[in-house]
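In: Just need the structure, nothing else, for what follows:
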Amino acid sequence: MQHSLHRGLFVLLALLSLGWALSWLAEDGLAADWPQFRGPDGSGVTHDARGVPTEWSPTDNIVWKTPMPGYGASSPIVLGDRAYLTCYSGYGLNEDEPGDETALKRHLLCVDLANGQVVWQHTFKPTEPIHEYQGFQALHGYASSTLATDGESLFYFFGSSGAGAVSLAGKPLWQTSVGTKTHNWGSGTSPVLAGDLVILNASVESGALVGLDKRTGQQVWRAEGIDDSWNTPVLVEVPGASAELVVSIKNRLRAFDPATGEELWTCDSFKDYVCPSPIAHDGIVYAIGARKGSALAVAAGGRGDVTETRRKWLINKGSNVSSPIYHQGYLYWVHEQQGTAFCADAKTGEVVYKKRIKPRPGRIYASPVIADGKIYIVSREKGTYVLAARPEFELLAHNGPLDESIFNGSPAIAGNRLLIRSNQCLYCLGQ
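Out: Residues are numbered from 1 along each chain as shown. Sure thing, here's the model as predicted:
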């Protein structure tokens, strides 16, 4: 009898412990999924998260940290109780002594969200020549594209080494090339899923936007003329019409039918290369970019050149690297070098505030996210800044860097926790 009581108590305690570890996943249900670059719709915003931490340190609010087998600028994604991300090793870890480029390896990791344990790891060898590790290429390395998942497979893009898919258990499914050109700025656009297609901005590799069958990797369509574009396209829901795929390139925005690759409309934009990814809300596309910094808004759903008919506004404020976010009628972004935070009225483009963040954040290559009424901005070397997500500037917290390496990846939201990656570790932050 006593033995049975002890065994029952042990089982109860084990169940309670498991429930505590996983309760944060169940709290928001499907809201815990962050299945691609910048979340479910590529906007960098979640409306369901509650209790995401504002402050942390190497000793506080760190649920777990997991060392990585190499460096990376890609963001983690989240599906159910797992996180997935990429990194690279073997070459390009030190610009003074980069090593032998033939030793380069890419890694795809699956991590248990409850405890940070690596569930499995798949390693890839490059299939094409890569650009030498120097200059701007050295600022982010060779694993800068974020994964995407449809809940059944994981889709990756490694630039001139190709795109592919693996199962959720890490089994390779297919791999294909979308071009073999390289650039001294490197490559870093991420896959976008639309129906049965994986869509890739292969501006660097072949100057094209490419739609692949997600089950086989076979090319379904190809759109040429994607010039000087380092951003991930966005799917735009158009009221009363079919969704559109919008990509920001030098001189203009271009919109396509995501099923066929047919060009639908163009709009004059920034006379420079473009890194920030566009976002959309209620059928309006917002884009920022160019070295001098500009921003614009254009109504989707048009045909042909819509510059005069559907462009809402254009201003000379923006960012050259980090992407914007939309929240409750306002746009927010941060300049990658000045460390200046901007808020603009989404209807008019009027700048509501322009404030220097202090202490100075240095360069910012990650894109911000919004969760629980807060904007999270990760700098490369100075830690994470948390701003209030409202049209009055307020710095809620400055959290110093969690290690001495570089932080390039944009954060991901997992229930009430925040995932941040560096070149050394993946961190899970929670209260």
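In: where's N408 relative to I364, distance?
Out: According to C-beta to C-beta, to the nearest Å, N408 stands 9 Å off from I364. (Glycine included, C-beta is placed from N, CA and C.)
In: Give the residues shared as contacts by the two.
Out: The contact sets of N408 and I364 overlap at R380 (C-beta atoms under 8 Å, 6 or more residues apart in numbering).
In: Now do the same for the residue nearest to the spatial centre of the chain: its pLDDT.
Out: Taking C-alpha atoms, centre = their mean, the centroid of the chain lies closest to F37, which sits 3.0 Å from it. Listed pLDDT for F37 reads 98.
In: looking at it, it is touching L193, isn't it?
Out: No. Contact criterion C-beta atoms under 8 Å: F37 and L193 do not qualify, at 11.1 Å.
In: Need the overlap of contacts for the two.
Out: Common neighbours of F37 and L193 (C-beta under 8 Å, 6+ apart) are A148.
In: G293 is in contact with D272, correct?
Out: No. With contact defined as C-beta under 8 Å, D272 does not reach G293; the gap is 9.7 Å.
In: Those two: which has the busier surroundings?
Out: Between D272 and G293, counted using other C-beta atoms under 10 Å, the more crowded position is G293 (22 against 16).
In: quick one: the more buried one and V334, what's the gap?
Out: Going from G293 to V334 by C-beta to C-beta gives 11 Å.
In: Residues that sit against both of these two, list them.
Out: Jointly contacting G293 and V334 under the rule C-beta under 8 Å, 6+ apart are S319.
In: coming back round to it: tell me which element the residue nearest to the centre of the chain is part of?
Out: F37 belongs to no helix or strand when elements are defined using DSSP states H and E.
In: how much space between it and G383?
Out: 22 Å.
In: now swap in A138 and tell me
Out: For A138, the distance to G383 - C-beta to C-beta - is 22 Å.
In: For these two, indicate the residue with more neighbours.
Out: Neighbours around A138 and G383, counted as other C-beta under 10 Å, are more numerous at G383. The numbers are 21 against 16.
In: Isn't that one up against A397?
Out: No. With contact defined as C-beta under 8 Å, G383 and A397 do not form a contacting pair (9.6 Å).
In: where does the protein dip in pLDDT?
Out: Scanning the chain with the threshold set as pLDDT under 70 gives 1-31.
In: Now do the strands in the stretch 151-300 of the chain.
Out: Here the stretch 151-300 of the chain has its strands, by DSSP state E, counting those that start in this stretch, at 153-157, 163-167, 172-176, 192-194, 197-202, 208-213, 219-224, 234-236, 244-249, 252-256, 263-268, 279-281, 284-289, 294-299.
In: Tell me which strands the last one pairs with, and in which orientation.
Out: Each strand pairing with strand 294-299, determined using DSSP bridges, is listed with its direction: strand 284-289 (antiparallel), strand 311-315 (antiparallel).
In: what's next to the last one, contact-wise?
Out: The contact list for strand 311-315 (C-beta under 8 Å, 6+ apart) reads 267-269, 284, 294-299, 344, 347-349, 351.
In: any idea which of the strands paired with strand 294-299 is most buried?
Out: strand 284-289 (a mean of 26; mean count of other C-beta atoms under 10 Å).
In: CA-only coordinates of that one in CSV, if you can.
Out: Extracted C-alpha coordinates of strand 284-289, given in CSV (Å, rounded to 0.1, in the frame of the first residue of the first chain):
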residue,chain,number,x,y,z
ILE,A,284,-1.6,48.4,-48.1
VAL,A,285,2.0,47.6,-48.7
TYR,A,286,4.6,49.4,-46.7
ALA,A,287,8.3,49.4,-47.7
ILE,A,288,11.5,51.2,-46.5
GLY,A,289,15.0,51.1,-47.8
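In: which outside residues touch it?
Out: So strand 284-289 is contacted by 231, 234, 236, 246, 248, 253, 255, 269-270, 272-276, 278-280, 294-300, 312, 318-320, 323-324, 326, 331, 333, 346 (C-beta under 8 Å, 6+ apart).
In: try stretch 231-248
Out: Contacts for stretch 231-248 (C-beta under 8 Å, 6+ apart): 37-38, 41-42, 146, 189-190, 192, 194, 199, 201, 209, 226, 229, 253-258, 264, 269-270, 274-280, 282-283, 285, 287, 289, 300-301, 323.
In: gap between the two ends of it?
Out: 7 Å (C-alpha to C-alpha, to the nearest Å).
In: Centre of the chain to that stretch, how far?
Out: Chain-centre distance of stretch 231-248: 17 Å, with C-alpha atoms, centre = their mean, to the nearest Å.
In: Likewise for stretch 383-400?
Out: 20 Å.
In: likewise stretch 377-393?
Out: 17 Å.
In: for stretch 144-162, same thing?
Out: The answer for stretch 144-162 is 12 Å, by C-alpha atoms, centre = their mean.
In: ok, and for it, which residues are buried?
Out: 144-150, 153-162 (16 or more other C-beta atoms under 10 Å).
In: With distance to D305 as extra columns, can I get the strands paired with strand 294-299 in TSV?
Out: Shown next, in TSV, are those (distance: least, C-beta to C-beta, whole Å):
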stretch	distance to D305
strand 284-289	15
strand 311-315	10
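In: Much appreciated, bye for now.
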